[in-house]
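In: take a look and give me a structure for this.
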Amino acid sequence: MRLKAPFTIQNNTLATSSPDTYVEEMIEQVLFVRQGERVNRPQFGCGLEDAVFEALTGAVAGVTEHLIQTELQAYVAEIAEIVSVRASAHNAELDVRITYISKLTGARNERRFSAPTR
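Out: Coordinates of the predicted model:
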């Protein structure tokens, strides 16, 4: 078990997560935290919610994929190997699919994250 990310207290104790859930939580934090939001880690995060204000063309999707891949490699490389990142727009949502291999369990997973577009 690992401490839940973000740090949480439940029933007067520190909340924990299973190894697979911990990896997912860390990936989600990297995606949705805006750069500058963390005082001691100003470069942390890729601010996926900021990308929803861009018209999602092929070029923007490519840049978004590259940004996400770079940030994930920088901040979750110790716990996950990022296999692929795909970004696309569907039904007024920015859809990001990340395939990764957990270094904690060896499991290969694909996770979908989405944020509403304008």
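In: verify the stated contact: residue 94 with residue 47.
Out: No. Using C-beta atoms under 8 Å, residue 94 makes no contact with residue 47, being 11.8 Å away. Every C-beta, even on glycine, is put in place using the N, C-alpha and C of the backbone.
In: which one's more surrounded, those two?
Out: residue 94 (24 against 17; other C-beta atoms under 10 Å).
In: please name the bridge partners of the more buried one.
Out: Following DSSP bridges, residue 94 is listed with bridge partners residue 89, residue 115.
In: would you mind measuring from it to residue 39?
Out: Per C-beta to C-beta, to the nearest Å, residue 94 is found 27 Å from residue 39.
In: one more: residue 103?
Out: The value you get for residue 103 to residue 39, if C-beta to C-beta is used, is 28 Å.
In: which residues of the protein fall in helices?
Out: Secondary structure of the chain by DSSP state H: the helices cover 19-32, 48-51, 58-75.
In: how far off helix 19-32 does the last one point, in degrees?
Out: It refers to helix 58-75. Counting by axes from the mean of the first three to the mean of the last three C-alpha atoms, to 10 degrees, helix 58-75 points 130 degrees away from the direction of helix 19-32.
In: CA-only coordinates of helix 58-75 in CSV, if you can.
Out: Listed next in CSV are the C-alpha coordinates belonging to helix 58-75 (Å, rounded to 0.1, in the frame of the first residue of the first chain):
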residue,chain,number,x,y,z
GLY,A,58,-4.4,17.7,-35.5
ALA,A,59,-1.5,20.0,-34.7
VAL,A,60,-2.8,20.9,-31.2
ALA,A,61,-3.5,17.2,-30.5
GLY,A,62,0.1,16.4,-31.4
VAL,A,63,1.4,19.1,-29.2
THR,A,64,-0.9,18.0,-26.3
GLU,A,65,0.3,14.4,-26.7
HIS,A,66,3.9,15.5,-26.6
LEU,A,67,3.4,17.7,-23.6
ILE,A,68,1.7,14.9,-21.7
GLN,A,69,4.3,12.4,-22.7
THR,A,70,7.1,14.7,-21.5
GLU,A,71,5.5,15.5,-18.2
LEU,A,72,4.6,11.9,-17.4
GLN,A,73,8.2,10.8,-18.2
ALA,A,74,9.5,13.5,-15.9
TYR,A,75,7.2,12.8,-12.9
